[in-house]
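> need a structure here:
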Amino acid sequence: MLVNGYGVTYNAYMPEICELINCGYLVFSYDMTGCGESEGENIKGFAQFIIDAQNAVLYLKKQGLDKIIAFGHSTGAYAVAALLNIQKENLNKAIIISAFDVPNKFVRMCMQKNMKCFAYLLQFWIAVFEKIQFGKYALLSGKDGVNKYQKPVLIIQGAKDDQVEVNNSLYSLRKDIINNQAEFLLEKNRGHYPTRIENEKDIVINKEIFEVIKEYIKDT
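Coordinates of the predicted model:
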C-alpha cells in the first residue's frame with residue numbers, strides 16, 4: 001500500500017509503483033481526500049492522511065489480503081508512522097520515507113526562520129485546528145507509532161532534503177526509537193525523493209535504494 005505526499009496524486013509515484021510491480025509486488029495506491037479523483041473539495045488537514053490510510057488498510061483486509069506493507073512518502077510517510085499506533089495488527093511491515101514526527105512541530109520548524117516567535121503561535125493554532133477537526137487522530141505521533149509497533153520498520157531520509165530537512169525529520173529522532181526492529185538509512189546524496197535519481201530530462205529510479213527495500217520486504 002503506497003501513501004503519497006501532500007497535494008499530489010498517486011500518479012506522482014508511478015516510477016516507484018512500476019518498480020515495485022516489476023519486482024513482483026502487488027501495489028495498491030489511491031488519491032487522498034480532496035486530491036485527484038477522490039471525493040472532497042480539498043485536503044482537510046494532516047490527520048486526514050491517517051484516516052485515509054486507515055480506511056485503505058481496512059479495505060485491503062476486507063479483500064482478503066493477509067500481508068500488507070505500508071509504504072509512505074513525506075506527509076504520507078508521517079501518516080504511515082502515525083497509523084502504526086492504531087493499526088499495528090493489520091500491517092506486516094512499514095517503509096517510511098522523508099517523514100516528520102508531528103505536523104504542528106514540523107510546520108513551526110519550517111516557518112521559524114521567517115516568522116520568528118510567531119511560528120510558535122502557528123504551531124499552537126495548527127494543533128487546535130487539527131484536534132477540533134479530527135479528535136484523537138490529531139494526537140498521533142510518528143515516533144510513538146514506530147515504538148508501539150514493535151515490528152519491522154524501515155526509515156529512509158535524504159541528507160539533502162530541503163522539504164523535510166534532516167533535523168526536522170523522523171530520522172533525527174532515531175535515538176528515541178525503542179523499537180529494536182526499526183532500521184534507519186540516510187541517503188547522503190539524495191533529496192526529498194531518495195528513491196529517485198533526478199535530472200533535467202526525466203526521473204530515474206535509485207536502484208541501490210530499491211535493492212535495500214526489496215531485501216527488507218522479501219520475507220514478508
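
> and Met1, what does it touch?
Counting by Cβ atoms under 8 Å, 6 or more residues apart in numbering, Met1 makes contact with 27-29, 53, 56-57, 60, 68-71. No exception for glycine: its C-beta is placed from N, CA and C like everyone else's.

> And the pLDDT for it?
Residue-level confidence at Met1 comes out at 96, pLDDT.

> just the one 5 residues further on next, same as before
Per-residue confidence at Tyr6 stands at 92 (pLDDT).

> Would you mind measuring from Lys116 to Tyr137?
To Tyr137, Lys116 is 30 Å away according to Cβ to Cβ, to the nearest Å.

> Quickly find the element holding the residue most central in space within the chain.
For the chain, Ala77 is the residue whose C-alpha lies nearest the centre (Cα atoms, centre = their mean; 0.4 Å). Using DSSP states H and E, Ala77 maps to helix 75-83.

> how far is that helix from where the chain is centred?
4 Å (Cα atoms, centre = their mean, to the nearest Å).

> do the same with stretch 31-43
With Cα atoms, centre = their mean as the basis, the mean position of stretch 31-43 lies at 18 Å from the chain mean.

> tell me which residues in it are buried?
31-33, 35, 43 (16 or more other Cβ atoms under 10 Å).

> ok, and what's touching that stretch?
By Cβ under 8 Å, 6+ apart, the list of residues contacting stretch 31-43 reads 4, 6-11, 30, 44, 48-49, 51-52, 76.

> Kind regards, and thank you for your time.
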